[in-house]
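**Q** can't give you the sequence, but here's the structure:
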């Protein structure tokens, strides 16, 4: 059997190695148009910022090392220019010699990945404008920063690459601005949870120009102007486009393969395309989202590696199936960690799923053990069925552990109420006896049992301030004095029973505290005395962060920039 693989990196290289492990005698040829067959995409920004100083650390395998171990021919600087499914051949161009030839195959695997999205804007040809996708892109940016010593950079786009680059360029001492049309960074997160990411970026000197549309670029005064719609231009020494990626599927389109979202390659759960003996994996393929069951594009290394393994199994005569992805991801944001799995509220609404949520602010480990830090967790579930839909966490220590537990629970089909039953490891330096994941389960069970009614940040401004309802803040007087939501009166939770007779039982009581715990206790006290009481999900800390961020974004949209 002869297998030709187009593209290396995650999916292609993983498939090649798996095929060899399953079939010692298969002939395997990999064509990669760049100079690197297997490299750490996710590590590229950290080389620019000198966190990873040795460029060889980025290349996981070389053609020579891959051949020595697996006897697989890795042809770098070779571009496949056409696929001929009817002949079971591909056309290949040697980019170093210019030679063009045809290569036959019994099985073909496409792993072309995705390319940076390049909008049709003016000034795109400037040598001060960069994208970051390959090792070569990294070296170009690195060389520019070393030779020109830029003092400022503008990043167009606020996704994973944009944030990682912002951090690393700040570490090099540059002034950094992120500009993009959406009014939040990191689209997988909901707006409220993104507020914490915005705060961390601002804390480290990154300027945010959110809600602005880029209309072009222009070299000016030894740097670059970023032209904005209805706004004054932004100026910097260099610009990096990081507005997303587009499936690189021109070959598949020309070969007549069935295409889906954004021109991605349609595959079944065996990673087979519409053409016989042709498979596809990675950022170029359309998959099913495991929560919504809808078609999706998920450009992450983990799914690409698993797809490569599944395609290899099926190429070798086995029967492996890809169940879809839930998009679990994590990112370092300066000192903070942000992680997400499953779907967010926007996606649930778009998919017609009636979702509810709990928001909590647990410590990373036992409160009595030194060094614990707060994290903010948001867990989504379906209202009627309590099906677990997704989670978002921002914090410091322990964020990655909790998101992985929640991702596993979603994959396993656990209900949100089942989270309370998970038997998770505990020792004071690592967790609490009631782990944050368990706490989310307890809260959701209270909702299921009718013990807890909630209201959320988006509800606060709609609450009547005419005395028809009671707005109650149960923190200490000192906490209340340092800031509180408009219209909320202060009765500390420990004094609440003594003031019960002052409250009208005919009015609904909306209760807030710092994190949501004391207010829940207050709600249970009030319910015990016959009140209809509701707890604010997330607490005043959460509310204050979201509201302040919203004000900063709106002010910056009017003025042109975060100050």
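**A** That came in fine, so what should we check first? Being a predicted model, the structure only gives us computed values, none of them experimental.
**Q** any weak-confidence spans in the chain?
**A** Along the chain, segments meeting pLDDT under 70 span 38-40, 59-60, 556-563.
**Q** quick check: most distant residue from the centroid of it.
**A** In the chain, the residue that sits farthest from the middle, by CA atoms, centre = their mean, is residue 501; the gap is 49.0 Å.
**Q** which SS state does that residue fall under?
**A** helix (DSSP: H, G, I helix; E, B strand; the rest coil).
**Q** what packs against the longest helix seen in the chain?
**A** If you go by DSSP state H, the chain has its longest helix at helix 539-559. If you count contacts as 3 or more CB pairs under 8 Å, 6 or more residues apart in numbering; DSSP states H and E, helix 539-559 packs onto helix 191-203, strand 207-210, helix 457-460, strand 509-512. For every residue, glycine as well, the C-beta is placed using N, CA and C.
**Q** show me what secondary structure element comes after the third one.
**A** This means helix 457-460. Of the helices and strands lying after helix 457-460 in sequence (DSSP states H and E), the nearest is strand 470-473.
**Q** the strands in the stretch 351-500 of the chain, which residues?
**A** Using DSSP state E, counting those that start in this stretch, the strands of the stretch 351-500 of the chain run over 355-360, 376-382, 388-395, 454-455, 470-473, 489-490.
**Q** among those, which comes closest to residue 305?
**A** Among the strands of the stretch 351-500 of the chain, strand 388-395 comes nearest to residue 305, with 22.0 Å by CB to CB.
**Q** just checking: what are the partner strands of that closest one?
**A** Strands adjacent to strand 388-395 in the sheet, as given by DSSP bridges, are strand 336-342 (antiparallel), strand 376-382 (antiparallel).
**Q** name the residues that touch the last one?
**A** By that I understand strand 376-382. Contacting residues not belonging to strand 376-382 are listed as 190, 192-193, 196, 342-345, 348, 353-362, 387-395, 402, 406, 415-416, 419, 436, 440, 444, 538, 542 [CB atoms under 8 Å, 6 or more residues apart in numbering].
**Q** next one: stretch 182-191
**A** 158-160, 162-163, 178, 194, 197-198, 201, 208, 210-211, 327, 329, 331, 338, 340, 344-346, 378, 392, 546, 553, 557.
**Q** and for stretch 143-160?
**A** Contacts of stretch 143-160 with the rest of the structure, by CB under 8 Å, 6+ apart, involve 48, 128, 130, 162, 165-166, 169, 172-180, 182, 184-187, 208, 210, 214, 223-224, 226, 234-244, 329, 331.
**Q** can you do 6 Å?
**A** Residues outside stretch 143-160 that contact it (CB atoms under 6 Å, 6 or more residues apart in numbering): 162, 165-166, 169, 174-180, 185, 214, 226, 234, 236-243, 331.
**Q** circling back to that earlier point, in a markdown table: the helices and strands packed on helix 539-559, plus mean neighbour count and distance to residue 30.
**A** Output for the helices and strands packed on helix 539-559, formatted as a markdown table (neighbours: other CB atoms under 10 Å; distance: least, CB to CB, whole Å):
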| stretch | mean neighbour count | distance to residue 30 |
| --- | --- | --- |
| helix 191-203 | 22 | 38 |
| strand 207-210 | 23 | 41 |
| helix 457-460 | 16 | 50 |
| strand 509-512 | 26 | 58 |
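**Q** using CSV, lay out the ones you listed together with distance to residue 81.
**A** Listed next are the helices and strands packed on helix 539-559 as CSV, based on distance: least, CB to CB, whole Å:
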stretch, distance to residue 81
helix 191-203, 42
strand 207-210, 40
helix 457-460, 52
strand 509-512, 63
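**Q** which of those sits closest to residue 321?
**A** Residue 321 lies closest to helix 191-203 among those, at 32.7 Å (CB to CB).
**Q** please name whichever of the strands paired with strand 388-395 is nearest to residue 67.
**A** Counting by CB to CB, residue 67 lies closest to strand 336-342 out of those; the figure is 37.5 Å.
**Q** so which of the helices and strands packed on helix 539-559 comes closest to residue 273?
**A** With CB to CB as the measure, helix 191-203 is the member of these nearest residue 273 (36.1 Å).
**Q** with adjacent residues omitted, what lies nearest to residue 487?
**A** In space, and not counting its chain neighbours, residue 487 is closest to residue 465: 4.4 Å by CB to CB, 6 or more residues apart in numbering.
**Q** where does that neighbour sit relative to residue 378, distance-wise?
**A** Distance from residue 465 to residue 378, counting by CB to CB, to the nearest Å: 27 Å.
**Q** between the two, which has more neighbouring residues?
**A** Taking neighbours as other CB atoms under 10 Å, residue 465 and residue 378 compare with residue 378 leading, 24 against 11.
**Q** who does the more buried one bridge with?
**A** In beta-bridge terms (that is, DSSP bridges), residue 378 pairs with residue 359, residue 392.
**Q** how much space between it and residue 24?
**A** Distance of residue 378 to residue 24, computed by CB to CB: 49 Å.
**Q** need the helices for the stretch 1-150 of the chain, in chain order.
**A** Ranges of helices in the stretch 1-150 of the chain, per DSSP state H, counting those that start in this stretch, are 11-22, 44-48, 63-70, 135-148.
**Q** out of those, which is closest to residue 524?
**A** Closest to residue 524 of the helices of the stretch 1-150 of the chain is helix 44-48 (CB to CB; 47.5 Å).
**Q** ok, and what's touching the closest one?
**A** For helix 44-48, contacts defined as CB under 6 Å, 6+ apart pick out 52, 58, 132, 138, 141, 142, 164, 165, 168.
**Q** the last one reaches residue 50, doesn't it?
**A** Read it as residue 168. No. Applying CB atoms under 6 Å as the test, residue 168 and residue 50 come out as separate, 7.9 Å apart.
**Q** looking at the two, which is more packed in?
**A** Using other CB under 10 Å as the criterion, residue 168 and residue 50 rank with residue 168 on top: 21 against 12.
**Q** which SSE is that one in?
**A** Assigned by DSSP H and E, residue 168 falls in helix 160-171.
**Q** now the strands for the stretch 201-350 of the chain?
**A** In the stretch 201-350 of the chain, the segments counted as strands under DSSP E, counting those that start in this stretch are 207-210, 214-220, 223-228, 234-236, 238-241, 245-247, 265-266, 278-280, 285-288, 295-296, 329-333, 336-342.
**Q** ok, and the closest non-adjacent residue to residue 411?
**A** Spatial nearest neighbour of residue 411, chain neighbours left out: residue 326 (6.6 Å); criterion: CB to CB, 6+ apart.
**Q** just residue 420 next, same as before
**A** residue 441 (3.2 Å).
**Q** how far away is the one you found from residue 381?
**A** Separation of residue 441 from residue 381 (CB to CB) stands at 10 Å.
**Q** then residue 369?
**A** 30 Å.
**Q** which of these two has more residues huddled nearby?
**A** Higher neighbour count among residue 369 and residue 381: residue 381, with 27 against 15, using other CB under 10 Å.
**Q** what's around the residue lying closest to the more buried one once chain neighbours are set aside, how many residues?
**A** Spatial nearest neighbour of residue 381, chain neighbours left out: residue 416 (3.7 Å); criterion: CB to CB, 6+ apart. Neighbourhood size, residue 416 [other CB under 10 Å]: 29.
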